[in-house]
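Student: Below are the sequence and a predicted model for it; my questions follow.
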Amino acid sequence: DGGITQSPKYLFRKEGQNVTLSCEQNLNHDAMYWYRQDPGQGLRLIYYSQIVNDFQKGDIAEGYSVSREKKESFPLTVTSAQKNPTAFYLCASAGTGGTFGAKNIQYFGAGTRLSVL
Amino acid sequence: GEDVEQSLFLSVREGDSSVINCTYTDSSSTYLYWYKQEPGAGLQLLTYIFSNMDMKQDQRLTVLLNKKDKHLSLRIADTQTGDSAIYFCAESFSGNTPLVFGKGTRLSVIA
């Protein structure tokens, strides 16, 4: 069953701690994305990667870091420099595979909710 | 810059049609999308339309695109209580460039 898996579903961060959110896809998509969702704010782009070993900053990259060592994986690290990390984080991927079958449609994972202790 | 605007709330009676509207500013947008988000869940792609199309219909869903006015709408026929959710309009220049989202329209369906 193809799709995008985000883990964990819930995550708690202590002050000064780095935490890593996992995103894995088995759709053979080239492009992957991280968005942050705050209440009433819609989704904002953190980082994206269109190919392995390459990624670009989005609108709100400060305090976050990513890597793209494998096509199927795009983990997001929320560093201690991110002073307001409480939010819902959504990972997406885009390519030819997926339910709609059309080229380069973006599909989303179920999200990770991050809270600060 | 890019911007996508949606009204924040819509309330309809069960069985009626719902129309959710969206305006966008980037005339180079090639793909326009409608996503649905239920509480605590990720985004589910409902439908999309290419900028060279005026209309797309998929079962109860009808998407209308007025490219001149940069206006997109989603019509849900025979709205059901299960349609209650937040609906996001989004645009992108090409299918694998990042999406620009509106803030979402919360649809409430009254039984």
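Tutor: Everything's here; your move.
Student: can we go C-alpha only for contacts and neighbour counts from here?
Tutor: Noted.
Student: Show me what the least confident helix or strand in chain A by mean pLDDT is packed against.
Tutor: Lowest on mean pLDDT, DSSP states H and E among the helices and strands of chain A sits strand A:105-108, with a mean of 88. Applying 3 or more C-alpha pairs under 8 Å, 6 or more residues apart in numbering or on different chains; DSSP states H and E, one finds that strand A:105-108 contacts strand A:87-95, strand B:43-50.
Student: my read: residue A:53 touches residue A:68, true?
Tutor: Yes. Applying C-alpha atoms under 8 Å, one finds residue A:53 in contact with residue A:68, separated by 5.1 Å.
Student: Those two: who's more crowded?
Tutor: residue A:68 (19 against 11; other C-alpha atoms under 10 Å in any protein chain shown).
Student: what's the more buried one sitting at in phi/psi?
Tutor: Dihedral pair for residue A:68: phi -140, psi 70, per degrees, to the nearest 10.
Student: which residues touch it?
Tutor: A:49, A:51, A:52, A:53, A:54, A:55, A:74, A:75 (C-alpha atoms under 8 Å, 6 or more residues apart in numbering or on different chains).
Student: one more time with 7 Å, if that's ok
Tutor: Going by C-alpha atoms under 7 Å, 6 or more residues apart in numbering or on different chains, residue A:68 touches A:52, A:53, A:54, A:74.
Student: Which strand residues bridge residue 108?
Tutor: Going with chain A. residue A:92 (DSSP bridges).
Student: Please refer instead to chain B.
Tutor: Here residue B:108, judged by DSSP bridges, has bridge partners residue B:11.
Student: What is the burial count for it?
Tutor: Other residues lying near residue B:108 total 21 when counted by other C-alpha under 10 Å.
Student: Against residue B:41, how distant is it?
Tutor: 17 Å (C-alpha to C-alpha, to the nearest Å).
Student: And for residue A:72?
Tutor: Applying C-alpha to C-alpha, the value for residue A:72 to residue B:41 is 22 Å.
Student: Please say which of the two ends up with more neighbours.
Tutor: Applying other C-alpha under 10 Å to residue A:72 and residue B:41 shows that residue A:72 carries more neighbours, namely 19 against 16.
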